[in-house]
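> Compute the structure for the input listed below.
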Amino acid sequence: MKRSVYVGLSLLLIAALAAPGFGQAKQPQAKTRAEYDAYLALFNEQDPAKKAGLGEKFIADFKDSEFIANSYRIIIGAYAKAQNWAKVMDAADRTAASPVADAALKGFAYGNEMVAAQQANNFEKTVEYGEKVLSIDPNDPNALLTLSSMIPERLPTAEAAKTAALDKAATYANKALDVVQKLSSQITP
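Residues are numbered from 1 along each chain as shown. Below is the predicted model of the structure:
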């Protein structure tokens, strides 16, 4: 009797887990054919400049679309692929300020903004957005490595401030080392 109850509960659990949508985020859906066609055109475009333009137009035209978050990701990626760092930073700022921006989307935006600022040789913005990434995910290896290497490049002249900056860089470097060691221990040969 107990065995059949366990088997029954196991089968019920397997069926629930196999059910569509169980434990998964809801997939975005287009509300109109025009929205679907515009998103499909955005998704399929290969030229980064055109793709970014289509993304900007999509967000302007379909403000209540379930595809807004995906569109922001596509726009940031398109500007990055085109190496238009100023546009990456602008799009990332708008993305993070968007009402649809959850922690994951903000982390994505700030991470891309950090890289764009670094590519544009904007030290202050690189540090600012690296720290924003770490406020969302304190174990983000890219932000930890970037900050630990960037901060020592521009040390303040005052001795106390210089020591504080070096301590901060060392803290980031040590945390990055811990994160990388944990990640590498999870890899099985």
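> Show me where the chain dips below the pLDDT cut-off.
Residue ranges of the chain with pLDDT under 70: 1-25, 188-189.
> Centre-most residue in it?
For the chain, the residue nearest the mean C-alpha position is Phe108 (1.5 Å; Cα atoms, centre = their mean).
> For that one, give me its contacts.
Going by Cβ atoms under 8 Å, 6 or more residues apart in numbering, Phe108 touches 73, 76, 95. Just so you know, the C-beta spots here come from the backbone N, C-alpha and C atoms, and that holds for glycine as well.
> Ranking by neighbours, what's the top pick from those residues?
Highest neighbour count within those, by other Cβ atoms under 10 Å: Ile76, with 27 neighbours.
> which SSE is that one in?
Per DSSP states H and E, Ile76 falls inside helix 68-81.
> Give me the residues contacting stretch 79-89.
Applying Cβ under 8 Å, 6+ apart, the contact partners of stretch 79-89 are 48-49, 52, 76, 91, 112-113, 115-117, 119-120, 125.
> residues touching Ile75, list them.
Neighbouring residues of Ile75 by Cβ under 8 Å, 6+ apart: 51-52, 55-56, 59, 91, 95.
> mind checking the SS state of the nearest residue to it once chain neighbours are set aside?
Spatial nearest neighbour of Ile75, excluding adjacent residues (Cβ to Cβ, 6 or more residues apart in numbering): Gly55 at 3.8 Å. What DSSP: H, G, I helix; E, B strand; the rest coil gives for Gly55 is helix.
> how about Gly55, what does it touch?
Neighbouring residues of Gly55 by Cβ under 8 Å, 6+ apart: 42, 71-72, 74-75, 78.
> tell me which of these is nearest to Tyr129?
The closest of these to Tyr129 turns out to be Tyr72 (Cβ to Cβ; 15.7 Å).
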